[in-house]
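In: What follows is a predicted protein model with its sequence.
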Amino acid sequence: MKSEIQKLSILEKIGYGSGDAAVNVVISSMFLIITFFYTDVFGLEPKDMAILFLLVRLIDAVTDPLMGLITDKFKTKWGRYRPYFLYLSIPFGISVFLTFTTPDFDYTGKLIYAYITYIFVTIMFTSVTIPYISLIGVLTNDPQERLSANGYRLFFAKVAAFLVSIVVPILAEKLGKNDIARGYQLAMGIMAMMGTLLLLFCFFTTKERVEHTIDKKPLLEQFKLLINNGQWTLLFGACFTGTVGYVIRGSVAIFYAKYFLGGDVSVQSTFMATGVTAAILAMPASTYITKQYCKVKLFKYTQLAVGAISLVMFFVVKPGDIVLAYVLYFILSFVVDLHAPVFWSAIAEAVDYGHAETGKRVSGLSFGGISFAQKAGMGVAGAAVGYLLDFFNYVPKSDSQTEYTLLGIALMLTIIPGFFHVIMGGMMFRYKITDKYYETIKTKLNI
């Protein structure tokens with residue numbers, strides 16, 4: 001296997017980033033909107049919502065590895081990964097629209113509808129995300145170009161998250177007028193259309209130029225190779241724990257703004273957008289820092305810092321302290337996301353590490369496994385939020401909550417997710433693929 005190192009054009013990096021903007025229409029709505037939508041708009045009980053999130057994630061245990069195997073097996077004239085953006089962009093958009101549609105059914109009917117549409121959007125998300133996160137491994141072999149491309153990717157992902165956080169709640173209120181359910185359907189319908197167009201743009205502006213020979217190995221052997229790849233298993237654990245923390249914090253942000261800070265719709269949307277804006281700024285900051293400083297050290301120390309900042313925010317911010325809450329939430333969100341470009345570049349490098357160590361390459365299943373870790377984290381976090389809301393006696397659609405409920409909401413925004421980020425940072429002390437180490441891998445693989 002041999003290919004020349006090639007630089008990526010600005011257009012291709014933008015095109016690559018547009019793909020993550022598309023999938024972040026779904027993932028950001030899952031992080032930021034869907035918990036509030038299901039409880040306060042759709043009308044599900046928190047415990048029923050928790051079970052929904054947890055059970056549907058079991059499907060990913062099958063679909064994620066399966067999609068990884070499919071991408072390994074089939075290749076077209078457009079490449080191994082890009083064709084899925086072309087063929088599945090429209091079904092992807094439809095699944096988002098249907099998920100945020102509230103039917104006029106009784107409670108049982110609505111619960112069944114929620115399961116069907118949530119399963120549909122989960123499968124479509126898997127079908128485009130596995131090829132997308134695999135794409136970086138065939139765009140270029142240059143680790144700095146991968147970091148740069150991932151910087152673009154995550155920047156555009158956060159722009160999509162910004163639109164979901166600040167536009168959707170306000171747009172839903174304006175479009176729905178007296179029917180907030182209709183408002184959310186229309187607002188997310190617009191986001192779904194945007195996601196479809198962005199996937200198509202990604203398809204037409206990117207190119208697969210690095211060819212890896214995919215070994216035809218039995219599934220069981222691939223699993224064994226993955227489990228024995230210590231660097232990949234570290235990333236799997238880091239992805240799971242980090243996602244749990246990230247989703248718990250993101251899911252409760254709108255509740256925190258509405259009840260703990262006592263804000264209206266504009267406060268709710270701008271508070272969420274403050275966190276997303278900080279995350280956007282973290283992308284170029286991360287790219288700049290990693291040119292001067294070890295990317296692995298950046299990863300682990302920022303996540304440990306998240307735990308400390310979370311403690312400060314919990315003890316310092318009191319109910320109604322809007323300005324202080326905005327400032328600390330901005331700082332917290334900025335530090336949280338400094339690791340993101342490093343993480344997504346590290347996956348491709350961990351695949352190469354396993355290949356160099358064993359002489360056998362496991363690509364599709366590697367990326368599928370990371371996607372499963374992310375979605376398993378989303379499921380556990382979503383269930384945790386549902387059960388915690390129920391534990392702290394949250395009352396959906398209420399104008400106010402008890403002090404006990406406010407305490408729980410504050411914990412879910414700060415200390416609870418911060419704990420998971422500290423675990424994530426601790427795991428990365430065992431990760432060793434620095435840029436210098438990766439050069440030895442490239443030499444061994446002759447790439």
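Out: Cool, the structure landed.
In: use CA for all of it now, contacts and neighbours both
Out: OK.
In: What's the end-to-end length of stretch 206-220?
Out: 33 Å (Cα to Cα, to the nearest Å).
In: So what touches the one helix or strand residue 147 maps to?
Out: Per DSSP states H and E: residue 147 is located in helix 143-162. Outside of helix 143-162, the residues within contact range by Cα atoms under 8 Å, 6 or more residues apart in numbering are 7-8, 13-14, 16-25, 28-29, 136, 140, 272-273, 276-277, 279-281, 283-284, 286-287, 340-342, 344-345, 435.
In: at 6 Å instead, please
Out: Helix 143-162 is contacted by residues 13, 17, 20-21, 24, 28, 273, 276, 280, 283, 341, 345 when judged by Cα atoms under 6 Å, 6 or more residues apart in numbering.
In: same thing with stretch 333-344?
Out: Contacts to stretch 333-344, defined as Cα under 6 Å, 6+ apart, come from residues 150-151, 275, 278-279, 282, 286, 299, 302.
In: so can I have TSV of those showing distance to residue 204, pLDDT and secondary structure?
Out: Listed next are these as TSV, based on distance: Cα to Cα, whole Å; pLDDT from 0 to 100; DSSP: H, G, I helix; E, B strand; the rest coil:
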residue	distance to residue 204	pLDDT	secondary structure
150	18	76	helix
151	20	77	helix
275	31	91	helix
278	30	92	helix
279	27	86	helix
282	28	90	helix
286	28	88	helix
299	33	93	helix
302	36	96	helix
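In: Would you indicate which residues of stretch 425-441 are buried?
Out: 425-428, 431, 433, 435, 438, 441 (16 or more other Cα atoms under 10 Å).
In: For stretch 245-252, C-alpha coordinates in CSV please.
Out: Output in CSV follows, covering the C-alpha atoms of stretch 245-252 (Å, rounded to 0.1, in the frame of the first residue of the first chain):
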residue,chain,number,x,y,z
GLY,A,245,-21.0,14.0,29.8
TYR,A,246,-21.5,16.1,26.7
VAL,A,247,-25.1,14.9,26.1
ILE,A,248,-26.2,15.2,29.7
ARG,A,249,-25.0,18.8,29.8
GLY,A,250,-26.4,19.7,26.4
SER,A,251,-29.8,18.1,27.0
VAL,A,252,-30.4,20.0,30.3
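In: now the helices for the stretch 301-447 of the chain?
Out: Along the stretch 301-447 of the chain, the stretches classed as helices by DSSP state H, counting those that start in this stretch are 322-336, 340-358, 364-391, 403-413, 415-427, 435-445.
In: Kindly state which of those helices is positioned closest to residue 182.
Out: helix 364-391 (23.7 Å; Cα to Cα).
In: still on that earlier bit, hmm, which two among the contacts of helix 143-162 are most spread apart?
Out: Spanning the widest gap among the contacts of helix 143-162 are 273 and 345, at 25.7 Å by Cα to Cα.
In: circling back: out of the contacts of stretch 333-344, who's nearest residue 398?
Out: Closest approach to residue 398 among these (Cα to Cα): residue 275, at 24.8 Å.
In: Might you list the low-confidence residue ranges for the stretch 251-400 of the chain?
Out: Residue ranges of the stretch 251-400 of the chain with pLDDT under 70: none are present.
In: For stretch 73-82, output the C-alpha coordinates as PDB.
Out: What follows is stretch 73-82, C-alpha atoms only, in PDB (Å, rounded to 0.1, in the frame of the first residue of the first chain):
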ATOM      1  CA  LYS A  73     -17.000  -4.700   1.300                       C
ATOM      2  CA  PHE A  74     -18.400  -2.400  -1.400                       C
ATOM      3  CA  LYS A  75     -16.600   0.200  -3.600                       C
ATOM      4  CA  THR A  76     -18.000   2.200  -6.500                       C
ATOM      5  CA  LYS A  77     -16.600   4.500  -9.100                       C
ATOM      6  CA  TRP A  78     -17.200   7.400  -6.600                       C
ATOM      7  CA  GLY A  79     -15.200   5.600  -3.900                       C
ATOM      8  CA  ARG A  80     -16.000   3.500  -0.800                       C
ATOM      9  CA  TYR A  81     -17.700   6.100   1.400                       C
ATOM     10  CA  ARG A  82     -19.000   9.100  -0.600                       C
END
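In: and that stretch, which residues are buried?
Out: 79-82.
In: Quick check: residue 141 is in a helix.
Out: No - read with DSSP: H, G, I helix; E, B strand; the rest coil, residue 141 is coil and lies in no helix.
In: How many residues are close by it?
Out: 21 (other Cα atoms under 10 Å).
In: Check residue 290 too.
Out: Neighbours of residue 290 under the rule other Cα under 10 Å: 22.
In: Let me see the mean pLDDT of stretch 9-28.
Out: For stretch 9-28, mean pLDDT rounds to 87.
In: For it, C-alpha coordinates in PDB please.
Out: Extracted C-alpha coordinates of stretch 9-28, given in PDB (Å, rounded to 0.1, in the frame of the first residue of the first chain):
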ATOM      1  CA  SER A   9      -7.800  22.500  -1.000                       C
ATOM      2  CA  ILE A  10      -9.900  25.000   1.000                       C
ATOM      3  CA  LEU A  11     -13.000  24.000  -1.000                       C
ATOM      4  CA  GLU A  12     -12.500  20.300  -0.200                       C
ATOM      5  CA  LYS A  13     -12.000  21.100   3.500                       C
ATOM      6  CA  ILE A  14     -15.200  23.100   3.400                       C
ATOM      7  CA  GLY A  15     -17.000  20.300   1.500                       C
ATOM      8  CA  TYR A  16     -15.700  17.800   4.100                       C
ATOM      9  CA  GLY A  17     -16.900  20.100   6.900                       C
ATOM     10  CA  SER A  18     -20.400  20.400   5.300                       C
ATOM     11  CA  GLY A  19     -20.900  16.700   5.800                       C
ATOM     12  CA  ASP A  20     -20.500  17.000   9.600                       C
ATOM     13  CA  ALA A  21     -22.800  20.100   9.500                       C
ATOM     14  CA  ALA A  22     -25.400  17.800   7.900                       C
ATOM     15  CA  VAL A  23     -25.100  15.000  10.500                       C
ATOM     16  CA  ASN A  24     -25.100  17.600  13.300                       C
ATOM     17  CA  VAL A  25     -28.600  18.600  12.300                       C
ATOM     18  CA  VAL A  26     -29.500  15.300  13.900                       C
ATOM     19  CA  ILE A  27     -26.800  15.000  16.600                       C
ATOM     20  CA  SER A  28     -27.200  18.600  17.900                       C
END
